[in-house]
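Undergrad: For reference, the sequence and a predicted model appear below.
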Amino acid sequence: MKKNLLLVLFGISLIVFASIRIASSNTIYYYTTTEAIDNITEISSERIKLGGFVVSESVSKSSIDETNFEITDGNKTIKIVFDGFIPELFQDEMGVILDGYFENNIFYSDDMLVKHDNEYISEDGETYDVENYSK
Amino acid sequence: MMLYGPLLVWIAVSVFGPYDVTQGQYSKLLYVHVPTVWIAYLAYTLTFIYSLLYLFKKNPKYDSLALANAKSGVIFTASTLIAGSVWGKFTWGTWWVWGDARLNLTAILLLVYLGYLASRNFNNDLERTAKNSSFIGIFGVIQIPILHFSVIWWRSVHQQASILSQETVASGDAPMSSDILTTLLISVLLVTLVHVFLTKRFRINADKTWEDYLNPKTRAKI
């Protein structure tokens, strides 16, 4: 009885310890545009993932398979040259994560993920909030 | 019948429910992806509680309940992974993102509970099996808070929680249209019913295994 309890407590504390270690090791999947520009000398020699929101009306096609646009995190903006598969959801102000490299402060990428937010707005467009709900 | 009723209504609700205008029709997968993972959380939490109870009380009833919930949890974890993967394909542009903590942790969660189910067959001695499996049932639950907070701890592709987030709980204001929210909550209710009837069914099987084990006549045959 007591041995079981000790074993359970030991296991739980081990897993909690491990997850706190992992969580505090600051793992990131992509750089924001500000982080990328701040560290541009270190990361310009390697392939990185860069995330940000598509700047409104910045999207243009320069050739059949090359698309130019800009992304921003609200602070700093980076020019993108993209050739690759564009997910259907790609549009102005959408969050994207791009895989590629920097050359002369322009980011060249051929791999895009669209990162949508946690908002869900239906066709009737009525957002749920407390005042709205009580009417 | 009791099982298929809520299941069919849930499918109908998901198919005909409202969708997010930006994401389009595929955002209806919300009604599958979110409720199934919530009920998986619930199922594994119940497995945890019943595993603890079994370990300390040694009553076969608790082992059957732990097993039944784990089975249902595995079904719902697989459902949430499949629904999420399809949703990801049509919004993010990929079936799977290897660097995403939440995706990987969910896959590990499924593997751990598949391991739990596999551990049921490691040994013919049901009492020993139940005891060993209960350890997996107890440790396994720790993954749930890690999984739930993974989107806050690690920056990645998966969006933040819409309902079970600090902001929503604090403000009482979900970032969702009211019709989508209502449909989601109805789906959660229906999936809960599916879970209840599913575990009932699994429990009958588990109880039968215990009866056979404890009955000296059938035990001799084994």
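TA: Okay, I see it.
Undergrad: Residues contacting the host helix or strand of A:Asp110, please?
TA: Using DSSP states H and E, A:Asp110 sits in strand A:106-115. Contact with strand A:106-115 is made by A:36, A:50-51, A:78-87, A:89-90, A:94-102, B:91-94, B:97, B:157, B:159, as judged by CB atoms under 8 Å, 6 or more residues apart in numbering or on different chains. Yep, even glycine has a C-beta here, placed from its N, CA and C like the rest.
Undergrad: Among these, name the buried ones.
TA: In these, burial by neighbour count holds for A:36, A:50-51, A:78, A:80-82, A:86-87, A:89-90, A:94-98, A:100, A:102, B:91-94, B:97, B:157, B:159, counting by 16 or more other CB atoms under 10 Å in any protein chain shown.
Undergrad: What about these, which are in strands?
TA: The strands, defined by DSSP state E, take in A:Leu50, A:Gly51, A:Ile78, A:Ile80, A:Val81, A:Phe82, A:Gly95, A:Val96, A:Ile97, A:Leu98, A:Gly100, A:Phe102 from these.
Undergrad: ok, now which ones touch the second one?
TA: Looking back up the chat, that one is A:Gly51. Applying CB under 8 Å, 6+ apart, the residues near A:Gly51 are A:29-33, A:71, A:73, A:95-98, A:115, B:155.
Undergrad: For the residue nearest in space to the middle of chain A, which residues count as its bridge partners?
TA: By CA atoms, centre = their mean, chain A has its centre lying nearest to A:Gly51, at 4.3 Å. Note on A:Gly51: beta-bridge partners by DSSP bridges are A:Thr32, A:Ile97.
Undergrad: so how far is A:Thr34 from it?
TA: 11 Å (CB to CB, to the nearest Å).
Undergrad: Identify the contacts common to these two.
TA: Jointly contacting A:Gly51 and A:Thr34 under the rule CB under 8 Å, 6+ apart are A:Asp73.
Undergrad: Can you classify B:Val13 as helix, strand or coil?
TA: helix (DSSP: H, G, I helix; E, B strand; the rest coil).
Undergrad: correct me, but it touches B:Leu189?
TA: No: under the criterion of CB atoms under 8 Å, B:Val13 makes no contact with B:Leu189, lying 9.9 Å away.
Undergrad: mind checking the longest helix of chain B?
TA: The residue-count maximum for a helix in chain B (DSSP state H) belongs to helix B:178-214.
Undergrad: phi, psi of B:Asn123?
TA: phi -140, psi 140 (degrees, to the nearest 10).
Undergrad: Look at it and say how many residues are nearby.
TA: The tally of other residues near B:Asn123 (other CB atoms under 10 Å in any protein chain shown) stands at 14.
Undergrad: Thought B:Lys131 was touching it, still the case?
TA: No: in this structure, B:Asn123 is not within contact of B:Lys131 by CB under 8 Å, at 9.8 Å.
Undergrad: follow-up on the earlier one: check which helices and strands the longest helix of chain B is in contact with.
TA: helix B:4-16, helix B:30-57, helix B:60-91, helix B:126-140, helix B:216-221 (3 or more CB pairs under 8 Å, 6 or more residues apart in numbering or on different chains; DSSP states H and E).
Undergrad: try 6 Å
TA: helix B:4-16, helix B:30-57, helix B:60-91 (3 or more CB pairs under 6 Å, 6 or more residues apart in numbering or on different chains; DSSP states H and E).
Undergrad: ok, for the residue of chain A found nearest chain B, nearest residue in space, not its chain neighbours?
TA: At 3.2 Å from chain B, A:Pro87 is the closest residue in chain A, using CB to the nearest CB. Nearest residue to A:Pro87, sequence neighbours excluded (CB to CB, 6 or more residues apart in numbering or on different chains): B:Gly93, at 3.2 Å.
Undergrad: Could you check how far B:Leu52 is from chain A?
TA: Counting by CB to the nearest CB, to the nearest Å, the gap from B:Leu52 to chain A is 8 Å.
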